[in-house]
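Colleague: okay, predicted coordinates and the sequence, questions at the end:
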Amino acid sequence: MAALVVLTIIVLLACLADLIWNYEKDACQINVPARLQKPSAEHWLGTDEMGRDMLCRIVYGARASLIVGLAATTFALLVGGVLGAVCGYYGGKLDNIIMRCTDVLLAIPGLLLAIAIMSAFKPNIFYISLALGISYISKFTRIVRSAVLTVREQEYIEAAKAIGAKDHTIILKHLLMNCMAPIFVQYALAIGSRILSVSTLSYIGMGIQAPTPDWGNMLSGARAYIRGNAYLVLGPGIALLLTISAFNLIGDGLRDAMDPRLKK
């Protein structure tokens, strides 16, 4: 619940940032005379090497991270969910072919695969989300397939087949609806993982590009000033830590809430 409160605050700040700051002026416009100011009443978290307000950039950076994290994870869930459900329900040669393809994807580190994909496209939110989503499809495919395998032999599935229900109806209404517990848990955990990945891509220059604020490129720009101005690293670093920890704890909470064996 504490993680949910923290995540709600972060989302609200990201959504309402335009009511507090001017994006072009406070987050992107260079102001050399105000560069590297320590935290003060005017700038609560100080200013960066370009004179831009750090708190403003951190809050706007949450937008890019959350959008990419949600978009990439949702894309991976939709594609991987369909493939996993088809493999688990039908089995046979189709299952074998798709599983061998996922084995190939699993053999490639996800971040390395995302870097390879991004090298062919212009870095923007759409292509970053696509690259990070593709790198996670195989994990959702395996999770959904294993969940479907555990329920496809249940009596209500046999009953649905006996009354003439079509395959897509059985998969959508009876199989997937009874596999949501592990899927929801993995979805919450995957969002945190994708947020960390987009920050990593931005840090090495293949993600969100400056002057658009992102926690990764903010950390990258602060490297040269870390000795004398540690606040440049602490702000985006703590924001990244809190957000990822919140999603991970929410995933753990969902697992506990949806597992009947843990209920008393």
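Modeller: Cool, the structure landed. All figures in this text were calculated on a predicted structure; none of them were measured in a lab. Numbers count the residues shown, from 1 in each chain.
Colleague: following the chain onward from whichever strand or helix holds V198, which element is next?
Modeller: Taking DSSP states H and E as the definition, one finds V198 inside helix 180-203. Of the helices and strands lying after helix 180-203 in sequence (DSSP H and E), the nearest is helix 215-221.
Colleague: pLDDT on the following helix or strand past that next one, on average?
Modeller: As assigned by DSSP H and E, the chain's next helix or strand after helix 215-221 is helix 231-258. The average pLDDT within helix 231-258 is 89.
Colleague: what do you get for stretch 42-55?
Modeller: Rounded mean pLDDT across stretch 42-55 is 85.
Colleague: what packs against the helix holding V198?
Modeller: Here helix 180-203 touches helix 54-90, helix 110-118, helix 125-134, helix 137-151, helix 215-221, helix 231-258, going by 3 or more Cβ pairs under 8 Å, 6 or more residues apart in numbering; DSSP states H and E. No exception for glycine: its C-beta is placed from N, CA and C like everyone else's.
Colleague: would you format these as a markdown table with distance to C15 and mean neighbour count included?
Modeller: A markdown table is the format used below for the helices and strands packed on helix 180-203 (distance: least, Cβ to Cβ, whole Å; neighbours: other Cβ atoms under 10 Å):
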| stretch | distance to C15 | mean neighbour count |
| --- | --- | --- |
| helix 54-90 | 8 | 22 |
| helix 110-118 | 27 | 17 |
| helix 125-134 | 16 | 21 |
| helix 137-151 | 27 | 21 |
| helix 215-221 | 17 | 23 |
| helix 231-258 | 14 | 18 |
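Colleague: closest one to H168 among the ones you listed?
Modeller: In terms of Cβ to Cβ, the element of these nearest to H168 is helix 54-90, at 9.6 Å.
Colleague: got the CA positions of the helix or strand that the closest one is followed by in PDB?
Modeller: Using DSSP H and E, the helix or strand that follows helix 54-90 in sequence is helix 92-106. The C-alpha coordinates for helix 92-106 follow below in PDB (Å, rounded to 0.1, in the frame of the first residue of the first chain):
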ATOM      1  CA  GLY A  92       1.800 -29.800 -31.200                       C
ATOM      2  CA  LYS A  93       4.100 -28.600 -33.900                       C
ATOM      3  CA  LEU A  94       2.800 -25.000 -33.600                       C
ATOM      4  CA  ASP A  95       3.800 -24.900 -29.900                       C
ATOM      5  CA  ASN A  96       7.200 -26.400 -30.700                       C
ATOM      6  CA  ILE A  97       8.000 -23.800 -33.400                       C
ATOM      7  CA  ILE A  98       6.900 -20.800 -31.300                       C
ATOM      8  CA  MET A  99       8.800 -22.100 -28.200                       C
ATOM      9  CA  ARG A 100      12.000 -22.600 -30.200                       C
ATOM     10  CA  CYS A 101      11.700 -19.000 -31.400                       C
ATOM     11  CA  THR A 102      11.200 -17.700 -27.900                       C
ATOM     12  CA  ASP A 103      14.300 -19.800 -26.900                       C
ATOM     13  CA  VAL A 104      16.300 -17.900 -29.400                       C
ATOM     14  CA  LEU A 105      15.000 -14.500 -28.100                       C
ATOM     15  CA  LEU A 106      15.700 -15.600 -24.500                       C
END
